[in-house]
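Asker: After the sequence you'll find the predicted model.
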Amino acid sequence: MGEDTVKVGLMGLGTVGSGVVRLIEDHQEDLYHQTGRRIAIEKVLVRDRLKKRSVPFGKGLLTDRAEDLLENREIDIVVEVMGGIEPAREYIREALLQGKHVVTANKDLMALHGAELLSVAAEKGCDVFYEASVAGGIPILRALVEGFSSDRITKMIGIVNGTTNYILTEMKRRGAPFGEVLHQAQTLGYAEADPASDVDGLDAARKMAILGTLGFRIPLSLEEVKVRGIADVTPEDVQFAEQMGYILKLVGIAQQDHGKVEVSVQPALLSGDHPLASVEGVYNAVSVYGEAVGETMFYGPGAGEMPTATAVVSDLVTVIKQMRLGVNGRGTVAPYREKQLKSPREVFAKYFLRLHVADESGVMARLTQMFAEEEVSLEKVLQLPRSREKEAEIILITHTASLHQLSRVREQLEESDVVIRIQSDYRVEGGLSS
Ligand SMILES: NC(=O)C1=CN([C@@H]2O[C@H](COP(=O)(O)OP(=O)(O)OC[C@H]3O[C@@H](n4cnc5c(N)ncnc54)[C@H](OP(=O)(O)O)[C@@H]3O)[C@@H](O)[C@H]2O)C=CC1
Ligand SMILES: N[C@@H](CC=O)C(=O)O
Ligand code: NA
């Protein structure tokens, strides 16, 4: 191996790590033409050296000691695809202090400690790239940082979790039970080590914190992202939504109006003609609205071995090109805009509510009165056939109202003696009059 070889230390040889190894091997010639360097994997850090692997490796390459990578002076770049906060944070920090560049797919880490790691990198003149951390194989971070550098982004709305999109798609397509579909997503390598973070929306929230920071150029923290997952979504919600011309999806929304921002993750109803409504299975998509450019859309596989590996290896290529030019660590622009978060009075949307009410005369008038008192007008009202004795089911879609108004209506509904229960409520995106 000569001067023209770049040595890489790989941390993790699971779904993504194995894809990285395959891609580097299969595309070695193309990568060489683009970078002028051969890429050699020098050491691979794993938890269990004796585990059977899907990619063959000489025994000497695998190690369970991080020092074998961190203290190896020959290694120029560390690729971290282990996941989790610790010890990944400690290893990445140490790698940067040793002057090694870092490529990671770790959104847990970048959403929580990205600012700290990027500042260590800047001090040491090192690169940290993390394209794989958001929307797997879609080059969305590169698009935000480079493609939109001349514009001001006003809104990003996306399906950024492949596991939950796969689950909701299968629930809609064949009414499959939640547990069964989640198990399939795990087998396919889409889910996180702890799939609760997919289901409860946290994985998507981490990605939205990263998108918000890069897109709006503000220092957004994970706690500022409002999160609701899909655990309480029922097959009936999915079906009723469809009957009314909507598709239920877990979406991330980051919106900026008059310098104030809102960032959230929640199951929402998308009108059938919304660009995200047709995004199915493990696919992700992000619509980005720029003040000057208008609406753009990025679409592709959001998880899985090879799609995610393409993002990791593309980052690797960028680091190597920067090494040749001697410009590592100079490209990162820290967030520089002032951050102001919207209050619930400033967050506006339409809402879908499914109510179980007493099946008696005058109920509809009482319900509409409660909405009218909070000045929330209704776009659609649908009464469904009775599901139980003395109980009727009503679906309402409001016109645009603030989150504050919606909470006030909810309080009234909860206190009312005609409402038996609020079965579900969702934000609605798109539609003819929105
Ligand atoms: N899977 C996907 O589709 C996507 C994943 N990501 C992110 O990529 C990262 C990796 O995900 P994925 O490949 O699915 O994860 P896996 O669980 O499949 O693989 C994790 C790998 O890291 C190793 N590892 C974990 N902890 C340690 C530790 N403390 N010390 C040494 N080795 C360790 C494991 O070793 P061993 O094999 O011995 O157990 C394993 O090889 C995560 O940050 C994830 O969020 C991002 C986008 C998509
Ligand atoms: N578990 C994640 C993997 C990619 O980030 C997902 O399902 O999207
Ligand atoms: Na990506």
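Answerer: Perfect, thanks for sending it. Numbering: from 1, shown residues only. Ligands and ions are numbered 1, 2, ... in the order given.
Asker: Show me what counts as buried in the host helix or strand of residue 395.
Answerer: Using DSSP states H and E, residue 395 falls within strand 391-398. Within strand 391-398, the residues scored as buried using 16 or more other CB atoms under 10 Å are 392-398. For every residue, glycine as well, the C-beta is placed using N, CA and C.
Asker: Close to ligand 3: what parts of the stretch 151-300 of the chain are there?
Answerer: Residues of the stretch 151-300 of the chain found near ligand 3 (CB under 5 Å from the ion): none.
Asker: show me where the stretch 151-300 of the chain has helices.
Answerer: 162-174, 178-187, 196-199, 202-216, 235-243 (DSSP state H, counting those that start in this stretch).
Asker: sorry, back to before: which of the buried residues of strand 391-398 sit farthest apart?
Answerer: In terms of CB to CB, the buried residues of strand 391-398 reach their longest pairwise distance at 392 and 398, which sit 19.2 Å apart.
Asker: of the helices of the stretch 151-300 of the chain, which approaches residue 128 most closely?
Answerer: Residue 128 lies closest to helix 202-216 among these, at 12.3 Å (CB to CB).
Asker: what helices or strands is the closest one leaning on?
Answerer: helix 107-124, helix 140-142, strand 153-159, helix 196-199, strand 226-227, strand 246-257, strand 260-271 (3 or more CB pairs under 8 Å, 6 or more residues apart in numbering; DSSP states H and E).
Asker: Can I get those in TSV including mean neighbour count, mean pLDDT and distance to residue 88?
Answerer: Shown next, in TSV, are those (neighbours: other CB atoms under 10 Å; pLDDT from 0 to 100; distance: least, CB to CB, whole Å):
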stretch	mean neighbour count	mean pLDDT	distance to residue 88
helix 107-124	19	96	5
helix 140-142	23	97	18
strand 153-159	23	97	25
helix 196-199	20	97	15
strand 226-227	18	98	22
strand 246-257	24	97	23
strand 260-271	23	97	23
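Asker: For the one residue in the stretch 101-250 of the chain that gets nearest to ligand 1, report the pLDDT, please.
Answerer: Per CB to the nearest ligand atom, residue 105 is where the stretch 101-250 of the chain lies closest to ligand 1, at 3.5 Å. Note for residue 105: predicted pLDDT of 98.
Asker: Just give me the neighbour total for it.
Answerer: The number of residues packed near residue 105 is 27, by other CB atoms under 10 Å.
Asker: tell me the phi and psi of it?
Answerer: Main-chain dihedrals, residue 105, degrees, to the nearest 10: phi -110, psi 10.
Asker: tell me the contacts of it?
Answerer: Residues in contact with residue 105, defined by CB atoms under 8 Å, 6 or more residues apart in numbering, are 16, 80-81, 83, 130, 132-133, 308, 311-312.
Asker: which non-adjacent residue is nearest it?
Answerer: Computed as CB to CB, 6 or more residues apart in numbering, the closest residue to residue 105 that is not its neighbour in sequence is residue 132, at 3.6 Å.
Asker: Let me know the secondary structure of that neighbour.
Answerer: Following DSSP: H, G, I helix; E, B strand; the rest coil, the label given to residue 132 is helix.
Asker: Surely it is in contact with residue 19?
Answerer: No. Assessed by CB atoms under 8 Å, residue 132 is found out of contact with residue 19, at 9.7 Å.
Asker: Give the residues shared as contacts by those two.
Answerer: Listed as contacting both residue 132 and residue 19 by CB under 8 Å, 6+ apart are 308-309, 312.
Asker: Could you dump the residues you listed into TSV with neighbour count added?
Answerer: Shown next, in TSV, are these (neighbours: other CB atoms under 10 Å):
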residue	neighbour count
308	29
309	25
312	28
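Asker: Return the closest of those with respect to residue 114.
Answerer: residue 312 (16.6 Å).
Asker: Could you give the number of residues near the residue of the stretch 251-400 of the chain found nearest ligand 2?
Answerer: Of the stretch 251-400 of the chain, the residue with the smallest distance to ligand 2, taken as CB to the nearest ligand atom, is residue 303 at 3.7 Å. Burial of residue 303 is recorded as 28 neighbouring residues (other CB under 10 Å).
Asker: Same question for residue 221.
Answerer: When neighbours are counted by other CB under 10 Å, residue 221 registers 15.
Asker: Also residue 101?
Answerer: Look at residue 101: counted by other CB under 10 Å, it has 29 neighbours.
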